[in-house]
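# Just need the structure, nothing else, for what follows:
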Amino acid sequence: MTEQRTEEQSGQSGQPRQSGQSALGYAVAGVLVVIALGAATKFLETQVPQWFAGTSFAKAAKSIEFPVYAIALGLIGNAILSKLALRDALSRGFRTEFFIKTGLVLLGASINLKVLVTAAGPAIIQALLLISIVFGFTWWLGGRLGLEDKLRALLASAVSICGVSAAIAAAGAVQAKKEQLAYAASLVIVFALPSIFLLPWLADVFGLSDAVAGAWIGGNIDTTAAVAASGAIAGEDALQIATIVKTTQNALIGFVAIALTAYFALKVERRTAADARPSLSQFWDRFPKFVLGFIAASIIGTLYLQFAADGKAAIATVNDLRNWFLIFAFVAIGLEFSARGLREAGWRPIAVFASATVVNIVVALGLATVLFGSFTLD
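Have a look, this model is predicted:
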C-alpha cells in the first residue's frame, strides 16, 4: 500500500507516467547497474591491496573494506546517472530495502548461538542500556527541535540500534514516508563512514583492550557491514566481540519495532483519528518479517554447523552470498543518496543525529569499559 501510494503521488507531481513495459525495462536496467557496480566493488576490494603491495599505502589499502568502495561507486554512479537524467527512471531497480533485508537474514546463518553465549551477558546489558539511553535522548531532542514523530522514530532507531536496517524496521512499524527512510539512511552513511577508521584509531590511542575496542565499535557504529569493516581494522579478537555486540543489538530490532507499532497505533495515530483499537492483524502487518527470518537462519545455521559434516563450508558459502547482498545494498544506498533531500530537511535532523552520535560514542565507550574491561575470549 505504501509503495502504491508513493507511486500515485509521484504520478501527480508533474512527472510523466511510464508505461508498464518501459517501467519494467528501467527497473531491470537499474538492477543491472547495481550488479555491475557491485562487481566493480568486489574487484576493487581484491585488487587494490595488490596494486599497493610493497608501498607506503599498503596498510591503508588492506584496511579499506567493501562498504567504502560500494558507497563510493554508488555515489559516482549517482552523479553520472543524474547528469544523464537517468537516475530517477532507473531508481525502481535500486532495491536497497530488499538487498539489506536479504543480507540480514543471511547474516543470521553465520551467527552461532553457542558462540553468542560467551558474551551474551555483557552484550545484552550493554545493548539494553545503550539503546534505551541513545533512543531516549534522540527522541527527546527531536521533540524539542520540532521534528515530525515518524522521522524522530527513524532517526532514534537508526542511531541507537543498527543504522539502515533499524530505520527500515522502524519505517515499517510507523508507516513512514519513503523520503524519510531515504533521508535517515543518508545520515547513517554520512556518519558511519568516518567511524570505520576513526574508532579503531581512537581505540589504539586510548590503549583499549581488544574486547573493549570491539564492544565500543559494535555498540557505536550504526551499520553491521561498517562494524565488520572497522572491527577488521582493529583486529580479529576485536572483530569477534564487535560482531557479537552488534548482533545482540540487531536482535532487538523486533522488540523496538513492536514497541513503535504499539505506540503509533495506540497513541500517535489515534490523536488525529477516531479509529477503533488496532487489531493483532494490523500489528502483524507492520511487524518487519525479516527479523523472524534472521532468527530462523541463526537457529538453522547453528544446528547445521553442529550436525553436518560440511557445515563450515556451507556457512562460508552463505557468508559469501550475504556479502554480495550487502555490497548491492551499499551500492544502492549510494545511488539513492540525495544531497537535495538533506538540504530540504534543514539543519534540525542533522543536529539531532549528530548530537545523538556524540552521546552514543561517549555512552558506548563507558559501557564497553565497564562491561568488557576484564573480558577475554577463550
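# mind giving me the domain split of the protein?
23-94, 99-373 (the TED database).
# Dump those to CSV, plus mean neighbour count and mean pLDDT.
From N, CA and C alone the C-beta is placed, and that goes for glycine too. Formatted as CSV, the domains of the chain follow (neighbours: other CB atoms under 10 Å; pLDDT from 0 to 100):
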stretch, mean neighbour count, mean pLDDT
domain 23-94, 17, 86
domain 99-373, 20, 79
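# Centroid-nearest residue for this structure?
Val164 (3.2 Å; CA atoms, centre = their mean).
# Which residues are in contact with it?
Thr96, Ile100, Ala158, Ala184, Ala185, Val188, Ile189, Asp222, Thr223, Ala329, Ile333 (CB atoms under 8 Å, 6 or more residues apart in numbering).
# hmm, try it at 10 Å
Neighbouring residues of Val164 by CB atoms under 10 Å, 6 or more residues apart in numbering: 96-97, 100, 104, 158, 181, 184-189, 192, 222-226, 329-330, 333.
# and Ala29, what is it in contact with?
So Ala29 contacts Leu86, Ala89, Leu90, Arg92, Gly93 (CB under 10 Å, 6+ apart).
# Give me the distance between the third one and Pro67.
If I follow you right, that is Leu90. To Pro67, Leu90 is 22 Å away according to CB to CB, to the nearest Å.
# try the first one
According to CB to CB, Leu86 stands 25 Å off from Pro67.
# Just the contacts of Val164: which are in helices?
96-97, 100, 104, 181, 184-189, 192, 224-226, 329-330, 333 (DSSP state H).
# for this protein, longest helix please?
helix 20-51.
# and after that one, which helix or strand comes next?
helix 58-63 (DSSP states H and E).
# by contact count, what packs against that next one?
In this structure, helix 58-63 makes packing contacts with helix 20-51, helix 178-206, helix 224-234, judged by 3 or more CB pairs under 10 Å, 6 or more residues apart in numbering; DSSP states H and E.
# quick one: the second one to chain centroid distance?
On the basis of CA atoms, centre = their mean, to the nearest Å, helix 178-206 sits 10 Å off its chain's mean C-alpha point.
# any idea of the angle it forms with helix 224-234?
10 degrees (axes from the mean of the first three to the mean of the last three CA atoms, to 10 degrees).
# hang on, the earlier thing: would you format the helices and strands packed on helix 58-63 as CSV with distance to Leu321 included?
Converted to CSV, the helices and strands packed on helix 58-63 look like this (distance: least, CB to CB, whole Å):
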stretch, distance to Leu321
helix 20-51, 12
helix 178-206, 22
helix 224-234, 14
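# contact partners of stretch 33-45?
Contacts for stretch 33-45 (CB under 10 Å, 6+ apart): 51, 61, 64-74, 76-77, 80-81, 86-87, 90, 93-96, 99, 323-332, 334-335.
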